[in-house]
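>>> Mind looking at a prediction? Sequence and model below.
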Amino acid sequence: MGTATAELDIRRESLIAAAANVVLIAVQLATLGLLTRTLGADGVGTYFFALSAAILAIIPSRELGEIMRKRVSEIDSPSHEFFGLAQAGTVLYLLVCVPVLSLATPVVTAWTPLTGETVLAFGVYAAVLTQSEMATRLLDAVGKPGASMVSQTVRETVFFGGVLALVWLGGASPQTVLLLGAGVRLSVALGTYWVVGLVPRLPSRDSLASAVAFGKWSVPTGIASHVWGQAPTLLLGVVLGGSSVAVYETAKRVTMIGAYLATCITDPLLVKVSAMHSAGEDVLSHVELALDYTPSVALLTLFLVAPIAPEIMSLAAGSAYATGGVVLVGVALTRVLWGLKRPVSAALLGVGQPRYVFGLFAGLLTVGGPAIVLGATYGGVAGVVFVLVVLELGGVLLVQGVARLVFGRFVRPTTLSRQLVIAATAGAFVWLASHSLDLTSPSTLAAVLAGAVVLHYGLFALASDRFRAGSARTVRELGQALATVTPG
């Protein structure tokens with residue numbers, strides 16, 4: 001299946017993913033508003049804590065999926081065997097986890113926001129999450145990353161409908177929402193396996209050796225990166241409790257649009273870089289092009305939310321969250337820094353240099369874990385976010401140093417300063433509107449944000465020939481891309 005990934009059209013797949021994300025973001029924000037208003041701060045904090053813990057718990061399975069994605073995307077790889085390896089390893093891992101979770105339940109309930117019933121629902125959700133993540137990576141590996149994002153959008157839309165039903169029936173709780181999510185994810189995963197039609201087989205000795213060769217660095221890298229990614233939520237839950245988790249996770253979800261463009265671009269980028277590198281082709285031009293766009297939406301998001309952060313938090317989650325405005329701005333800034341780091345990290349993985357990415361995340365985790373605890377203890381949620389901003393900035397500088405070592409030069413975006421000025425102009429428009437209009441009205445706030453977005457992209461179109469040409473191509477190709485999203 002590597003031939004298909006070597007010929008992967010990053011632009012087309014990114015367009016499909018971006019179109020799906022328009023729906024996905026709206027659905028997830030609607031789900032967020034529903035959960036925060038129904039479960040309360042402690043309940044929604046418990047739910048988000050369980051989600052983060054599940055992501056942490058399935059890291060070994062997820063890393064087997066990453067090995068599968070890398071090797072299946074290569075030219076002439078035994079795809080069935082790598083899929084079989086990932087599935088067999090996951091089953092063995094889950095068999096070990098069941099008794100461990102049973103023994104650990106008293107400790108978990110004593111030190112975290114989770115109750116005994118929630119731990120049981122968490123176990124079911126985590127087990128299903130292994131297959132959900134595996135199915136997503138399988139679509140990426142066979143050259144359908146855009147379809148992968150579409151499947152996630154369908155999944156989240158069905159989940160939102162299920163949450164609505166739970167609320168209407170009066171049965172919404174952290175446990176029932178987790179079990180609902182497990183059921184929806186399992187259904188979509190099984191459907192994906194059926195559509196792709198790849199039958200798992202026992203791996204040969206050569207396939208095992210190939211997996212070990214990549215996994216000796218990719219697995220530690222995945223462990224470090226995912227532990228780092230979930231550390232703020234989990235440590236906040238332990239140190240400050242569920243309500244603090246609710247504020248932080250709400251800010252993350254409100255600003256998630258800033259991260260999604262980076263995801264839409266870098267997931268196809270990793271697959272394409274992997275295939276091109278295995279074929280001996282140069283990859284750096286694709287990385288540089290991706291880096292020009294991955295932080296762009298995050299920059300706009302930062303400048304749009306900064307002048308009206310309390311109003312945004314109130315609209316998204318209720319008036320009780322209005323005090324989280326500073327947290328929202330800080331999290332939005334981390335999205336920008338993440339977008340500057342993500343494409344280079346993906347390229348390093350794609351060219352078979354995961355040890356450098358491991359070093360980056362291991363360093364962040366070693367310094368960041370204690371720093372987050374100190375930030376939470378002395379500065380609350382805002383203190384944690386300040387620590388994250390400093391550490392993400394350090395991560396950007398470190399990954400550029402690694403790029404110089406691996407690729408021979410720094411990999412820098414060419415339009416970042418221009419984007420910064422244009423995004424700041426759109427932010428100034430929002431600031432002026434906030435001093436002359438009542439933005440507590442959802443319709444007024446939406447109109448102001450829409451006007452700022454139009455202003456931003458209008459100015460960007462005037463300033464960038466590449467953006468104008470790309471926009472024209474987007475209008476032409478979007479319909480064609482959406483018409484061909486069905487896998488198969």
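Right, received. Where do you want to start?
>>> so where's the stretch 1-150 of the chain shaky on pLDDT?
Filtered on pLDDT under 70, the stretch 1-150 of the chain yields the residue ranges 1-19, 73-76, 143-146.
>>> hmm, try it at 90
Low-confidence segments of the stretch 1-150 of the chain (pLDDT under 90): 1-26, 28-29, 33, 36-37, 40-42, 60, 62-88, 111-117, 134-150.
>>> next SSE after the longest helix belonging to the chain?
Scanning the chain for the longest helix, with DSSP state H as the assignment, gives helix 354-407. For helix 354-407, the following helix or strand on the C-terminal side (DSSP states H and E) is helix 416-434.
>>> Packing partners of that following helix?
helix 296-305, helix 442-463 (3 or more Cβ pairs under 8 Å, 6 or more residues apart in numbering; DSSP states H and E). The way it works is simple: take the backbone N, C-alpha and C, and place the C-beta from them, glycine included.
>>> measure Thr377 to Leu178 for me?
According to Cβ to Cβ, to the nearest Å, Thr377 stands 29 Å off from Leu178.
>>> Neighbour count: the two, which is higher?
Leu178 (25 against 12; other Cβ atoms under 10 Å).
>>> ok, the closest residue to Thr157 other than its chain neighbours - how many residues close by?
Spatial nearest neighbour of Thr157, excluding adjacent residues (Cβ to Cβ, 6 or more residues apart in numbering): Val27 at 5.1 Å. When neighbours are counted by other Cβ under 10 Å, Val27 registers 19.
>>> circling back: looking at the helices and strands packed on helix 416-434, which is buried most?
Most buried of those by mean neighbour count (mean count of other Cβ atoms under 10 Å) is helix 296-305; its value is a mean of 25.
>>> In three-state terms, label Ala172 for me.
Three-state assignment for Ala172 (DSSP: H, G, I helix; E, B strand; the rest coil): coil.
>>> Skipping adjacent residues, who's closest to it in space?
Nearest non-adjacent residue to Ala172, counting by Cβ to Cβ, 6+ apart: Leu166, 4.3 Å away.
>>> ok, now how distant is that neighbour from Gly242?
Leu166 is 19 Å from Gly242, by Cβ to Cβ.
>>> So if I had to pick from these two, which one is more boxed in?
The neighbour count for Leu166 versus Gly242, taken as other Cβ under 10 Å, is higher for Gly242 (23 against 18).
>>> avg pLDDT for stretch 453-467?
For stretch 453-467, mean pLDDT is 81.
>>> In CSV: the helices and strands packed on helix 416-434, plus distance to Thr323.
Converted to CSV, the helices and strands packed on helix 416-434 look like this (distance: least, Cβ to Cβ, whole Å):
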stretch, distance to Thr323
helix 296-305, 15
helix 442-463, 18
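>>> nearest to Ser173, of those?
With respect to Ser173, and counting by Cβ to Cβ, the nearest of these is helix 442-463 at 27.5 Å.
>>> Now do the closest one: which elements does it pack against?
Partner elements for helix 442-463 (3+ Cβ pairs under 8 Å, 6+ apart): helix 296-305, helix 309-317, helix 416-434, helix 465-483.
>>> Toward the C-terminus from the second one, list the very next helix or strand.
Tracing the chain past helix 309-317, the next element assigned as helix or strand by DSSP H and E is helix 325-350.
>>> how distant is that next one from the center of its chain?
Taking Cα atoms, centre = their mean, to the nearest Å, one finds the center of helix 325-350 at 10 Å from the center of the full chain.
>>> what inclination does it have with respect to helix 309-317?
Going by axes from the mean of the first three to the mean of the last three Cα atoms, to 10 degrees, helix 325-350 is angled at 70 degrees with respect to helix 309-317.
>>> In the stretch 51-200 of the chain, what residue spans correspond to helices?
59-72, 79-111, 116-141, 145-169, 174-196 (DSSP state H, counting those that start in this stretch).
>>> Let me know which of those is tucked in deepest.
helix 59-72 (a mean of 25).
>>> Need the residues that contact that one.
Contacts to helix 59-72, defined as Cβ atoms under 8 Å, 6 or more residues apart in numbering, come from residues 1-2, 77, 79, 82-83, 85-86, 89-90, 93-94, 130, 133-134, 137-138, 140-142, 207, 210-211, 214-215, 218-219, 222-223, 226-227, 271, 274, 349.
>>> check contacts around the nearest residue to Ala298 once chain neighbours are set aside.
Nearest residue to Ala298, sequence neighbours excluded (Cβ to Cβ, 6+ apart): Gly258, at 3.3 Å. Contacts for Gly258 (Cβ under 8 Å, 6+ apart) come out as 297-302, 332, 335-336, 339.
>>> give me that answer again for 10 Å
By Cβ atoms under 10 Å, 6 or more residues apart in numbering, the residues touching Gly258 are 295-302, 304-305, 331-336, 338-339.
>>> repeat for Ala362
Shown in contact with Ala362 (Cβ under 10 Å, 6+ apart): 220-221, 223-225, 227-228.
>>> of the residues you listed, the lowest pLDDT goes to which?
Thr221 (78).
>>> what about that one, distance to Ile265?
Distance from Thr221 to Ile265, by Cβ to Cβ: 20 Å.
>>> Settle it for me: which of those two has more neighbours?
The neighbour count for Thr221 versus Ile265, taken as other Cβ under 10 Å, is higher for Ile265 (28 against 24).
>>> Might one say that that one is in contact with Thr294?
Yes. Using Cβ atoms under 10 Å, Ile265 is in contact with Thr294, at 5.5 Å.
>>> any common contacting residues for the two?
What both Ile265 and Thr294 touch, as defined by Cβ under 10 Å, 6+ apart, is the set 339, 342-343, 346.
>>> can you list the weak-confidence ranges in the stretch 351-488 of the chain?
Looking at the stretch 351-488 of the chain by pLDDT under 90, you get 351-366, 395-396, 398-420, 436-446, 456-488.
>>> repeat that with 70
466-488.
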